[in-house]
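Student: Make a model of this:
(one chain, ligands or ions: 1)
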Amino acid sequence: MAEELTELPAVAKSFHTFCKKCDVDRYHKVLAHTSATTAKIECEVCHSKKAYKLPSARKEAMAKARAARAPSANQRKSNHQTEYNDLLNSLSAMEEKPYSLKAKFEIANKISHPKFGIGVVRTVQPDKIEVVFSDEVKLLIHNRQ
Ligand SMILES: [Zn+2]
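Tutor: This is a model prediction of the structure:
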């Protein structure tokens, strides 16, 4: 088991770390530092070259990526679902109008779209409507003469 490094070994020094090609821990020679936390290294047995990243930097990068990506995407998704469900509940008695380019829609109209399903008009411009569908909000054309 290789010990966890907290800083990069000097160039030309060797240290013990996992080699994917050998599938065991091997001594690797540091060829160059590519950043403060990454280096180019070479396995002393199979001579495969690879990029090495300090475990602490790797964990930090993974935590950052997780924080930046997943929760906000999930948050957006659940906010959208909540809005969609609330809109549909409040309009449950209304019949949906089939969507067409030539029809004219108003705010809070319920529409049925052949591709996107049932949606609710959120905002209206003279020639466009913003419609909340179950998966996403779409800008559609309406009132075309
Ligand atoms: Zn190797």
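Student: Of all the residues in the helix ranked longest in the chain, which ones are buried?
Tutor: Longest helix in the chain, counting residues (DSSP state H): helix 70-90. For helix 70-90, burial by neighbour count (16 or more other C-beta atoms under 10 Å) applies to 80, 84, 87, 88. Where C-beta positions appear, they are placed from N, C-alpha and C, glycine not excepted.
Student: Can you get me the centre-to-centre distance for that helix and its chain?
Tutor: Remark: helix 70-90 is offset 17 Å from the chain centroid, using C-alpha atoms, centre = their mean, to the nearest Å.
Student: So what touches that helix?
Tutor: 108, 110, 118, 120, 122, 132, 133, 134, 136, 137 (C-beta atoms under 8 Å, 6 or more residues apart in numbering).
Student: among those residues, which are in strands?
Tutor: Among these, the members falling in strands (DSSP state E) are 110, 118, 120, 122, 132, 137.
Student: How many residues are close by the fifth one?
Tutor: Residues lying near residue 132 (other C-beta atoms under 10 Å) number 21.
Student: Which pLDDT value belongs to it?
Tutor: On pLDDT, residue 132 comes in at 95.
Student: Who does it form a beta bridge with?
Tutor: For residue 132, the beta-bridge partners under DSSP bridges are residue 120, residue 137.
Student: Kindly report the same for the first one.
Tutor: Following DSSP bridges, residue 110 is listed with bridge partners residue 120.
Student: Return the list of strands paired to the longest strand along the chain, each annotated with direction.
Tutor: Secondary structure of the chain per DSSP E: the longest strand is strand 24-33. Paired strands of strand 24-33, with direction, are strand 14-19 (antiparallel), strand 38-43 (antiparallel) (DSSP bridges).
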